[in-house]
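# Below is the structure, and that's it, no one-letter string:
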């Protein structure tokens, strides 16, 4: 049995938090046990109240007293994770838990160290969204591939699944959006077997609550260089 810790950071996601957790709870994969960890990043809406009404939907719940950003919430979740693998899940509905089977197949069949869910290769359904987001994603992916000698197509997909032992939480030094790049870089540097699978994507608009902005790209690029060079 492979234990997978699903890390779900949330900030002001009252509109979607219960629905996404219900989707996660429906997932059943032979040979896989899920540990669901929800971290509230000091929400100011009803996210916490809704979560406290449904403790059946998660195994562990962390309430942060200060809004530290997504990276801080992820770090808090990783600090209590006990799974063999870690899988990140956003609290909105952009990514579909029904894709968990695809993500875990390379682990079950080939003992993969890292699996990326890609929105760029044969994705069954992808919502058309912002042009410059795709340009930025491809730039980041190209730089990452060049520096790490790999061939991913979508390194900034939320669906990153990796062997937890490859990236001790105590080794992390970032707390912003760039933390994703740090985790992936460390996992690639220590692992040996990497895979990518197509996933569906239902991206939100800014009016619908999308949080990432253009200025987040610069620290991401710096982190890709810095962590690859061991800085």
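Structure's in. What do you need? Here the structure is a predicted model, which means the values were calculated and not measured.
# When you work out contacts or count neighbours from here on, use the C-alpha atoms and nothing else.
Fine.
# so where is this protein shaky, pLDDT-wise?
204-216, 231 (pLDDT under 70).
# Kindly provide the distance from the closest residue to residue 129 other than its chain neighbours to residue 85.
Leaving aside its sequence neighbours, residue 129 sits nearest to residue 203 (Cα to Cα, 6 or more residues apart in numbering; 6.9 Å). Applying Cα to Cα, to the nearest Å, the value for residue 203 to residue 85 is 25 Å.
# Pull the number of nearby residues for the closest residue to residue 200 other than its chain neighbours.
Spatial nearest neighbour of residue 200, excluding adjacent residues (Cα to Cα, 6+ apart): residue 125 at 4.8 Å. Using other Cα atoms under 10 Å, residue 125 is surrounded by 12 other residues.
# who's in contact with residue 125?
Counting by Cα atoms under 8 Å, 6 or more residues apart in numbering, residue 125 makes contact with 199-202.
# just residue 179 next, same as before
71, 172-173, 220, 223.
# outside of stretch 67-86, which residues touch it?
With Cα under 8 Å, 6+ apart as the criterion, stretch 67-86 contacts 2-10, 34-35, 37-43, 62, 64, 160-165, 169, 174-177, 179-180.
# give the contact list for the most centrally placed residue in the chain.
When Cα atoms, centre = their mean is applied to the chain, the residue found nearest the centroid is residue 88 (3.1 Å). Residues near residue 88 by Cα under 8 Å, 6+ apart: 6-8, 158-161.
# how about those residues in a markdown table, adding secondary structure and neighbour count?
As requested, the contacts of residue 88 are exported to a markdown table (DSSP: H, G, I helix; E, B strand; the rest coil; neighbours: other Cα atoms under 10 Å):
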| residue | secondary structure | neighbour count |
| --- | --- | --- |
| 6 | strand | 25 |
| 7 | strand | 25 |
| 8 | strand | 25 |
| 158 | coil | 18 |
| 159 | coil | 26 |
| 160 | strand | 21 |
| 161 | strand | 28 |
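# picking that back up, who has more neighbours, residue 203 and residue 85?
residue 85 (23 against 17).
# Give me the outermost residue of the protein relative to its centroid.
residue 53 (24.9 Å).
# picking up where we left off before, just the buried ones from the contacts of stretch 67-86, in ChimeraX syntax?
Selecting only the buried entries of the contacts of stretch 67-86 in ChimeraX, with 16 or more other Cα atoms under 10 Å as the criterion:
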select :4,5,6,7,8,9,10,34,35,37,38,39,40,41,42,43,62,160,161,162,163,164,169,174,175,176,177,179,180
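# In helices only, show me the contacts of stretch 67-86.
Among the contacts of stretch 67-86, the ones falling in helices (DSSP state H) are 179-180.
# host element of residue 24?
Element membership for residue 24 (DSSP states H and E) is helix 17-25.
# Correction: the previous question concerned residue 139.
helix 131-148.
# ok so, going back, mind giving me the packing neighbours of the helix holding residue 24?
If contacts are counted by 3 or more Cα pairs under 8 Å, 6 or more residues apart in numbering; DSSP states H and E, helix 17-25 sits against helix 47-53.
# Name the residues of the helix it packs on that come out as buried.
For helix 47-53, burial by neighbour count (16+ other Cα under 10 Å) applies to 47-48, 51.
# Make a markdown table from these and add distance to residue 92 to it.
Converted to a markdown table, the buried residues of helix 47-53 look like this (distance: Cα to Cα, whole Å):
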| residue | distance to residue 92 |
| --- | --- |
| 47 | 12 |
| 48 | 15 |
| 51 | 14 |
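# so which of those residues would you say is closest to residue 26?
Nearest to residue 26 among the buried residues of helix 47-53: residue 51, at 17.1 Å, using Cα to Cα.
# roughly how far apart are the residue nearest to that closest one when sequence neighbours are not counted and residue 79?
Closest residue to residue 51 apart from its sequence neighbours, by Cα to Cα, 6+ apart: residue 18 at 7.3 Å. Noted for residue 18: a distance of 23 Å to residue 79, by Cα to Cα.
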